[in-house]
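[1] fold the following for me, if possible:
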Amino acid sequence: MALTQTTPGIDVRGPRFAAWITTAVLAIVLATNWWPLLAAQAVIFGIGATRGPRHSPYGMLYSRIVAPRLGPVTEREPAAPVQFAQFVGLTFAAAGLVAYLAGAILAAQVLVGFAFAAAFLNAAFGICLGCQIYPLAARLAPTGRGTAA
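    Modelled structure (predicted):
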């Protein structure tokens, strides 16, 4: 399939770029237990989850600085699964943040470790766990249809 300007979706390299940054940030959190950095990453996940991957700070960095230096887009993916993956990351980061603030360091490290593993899988191998879960979550989500009284 030839890509055109109207081809929907996002450049697959963008989420992988973001995953590399996320992997580095979460590795620092795991090594230092510096919860303010985890809070910042949670905010970034939140922006990606609510506004979409193109509007997250890492997505904007990719599109404005990195993408213009790369060759043309050869592969795209739908944005919705990536946005859902950001929500999953937000969930783990927020839970880890709560655990850090409650003094449950081991629980926080486990939660951050799960997010780190997911980010690393996406960055290194292109395996987006949140994207894999997305079809199931989309099927289970209420659609609002057929609920008329």
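[2] all the strands of this protein, residue numbers only.
    With strands called from DSSP state E, the chain shows them at 10-11, 76-77.
[3] pipe the ones you listed into CSV and attach mean pLDDT and mean neighbour count per row.
    Backbone N, C-alpha and C define where each C-beta goes, glycine included. Below are these laid out as CSV (pLDDT from 0 to 100; neighbours: other C-beta atoms under 10 Å):
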stretch, mean pLDDT, mean neighbour count
strand 10-11, 90, 22
strand 76-77, 90, 17
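[4] quick one: closest of these to Ala94.
    Evaluated over these, closeness to Ala94 peaks at strand 10-11, with 24.2 Å, by C-beta to C-beta.
[5] surely Gly46 touches Gly89?
    No: using C-beta atoms under 8 Å, Gly46 is not in contact with Gly89, being 9.3 Å away.
[6] who has more neighbours out of those two?
    Shown here are Gly46 and Gly89; by other C-beta atoms under 10 Å, Gly89 has more neighbours (28 against 17).
[7] roughly how far apart are the more buried one and Ser63?
    The gap separating Gly89 from Ser63 is 19 Å, by C-beta to C-beta, to the nearest Å.
[8] quick check: which of the strands of the chain is nearest to Pro68?
    Of all those, it is strand 10-11 that lies closest to Pro68, at 11.5 Å by C-beta to C-beta.
[9] show residues contacting that closest one.
    53-54, 62, 67, 73, 75-79, 82 (C-beta atoms under 8 Å, 6 or more residues apart in numbering).
[10] output the strands of the chain in TSV; the columns should cover distance to Gly126.
    TSV is the format used below for the strands of the chain (distance: least, C-beta to C-beta, whole Å):
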stretch	distance to Gly126
strand 10-11	13
strand 76-77	10
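[11] to Phe120, which of those strands lies closest?
    Taking C-beta to C-beta, strand 76-77 is the member of the strands of the chain nearest to Phe120, at 18.7 Å.
[12] which elements pack onto the closest one?
    Contacts defined by 3 or more C-beta pairs under 8 Å, 6 or more residues apart in numbering; DSSP states H and E place strand 76-77 against strand 10-11.
[13] so where's the protein shaky on pLDDT?
    1-7, 144-149 (pLDDT under 70).
[14] center of it - which residue?
    Gln86 (3.3 Å; C-alpha atoms, centre = their mean).
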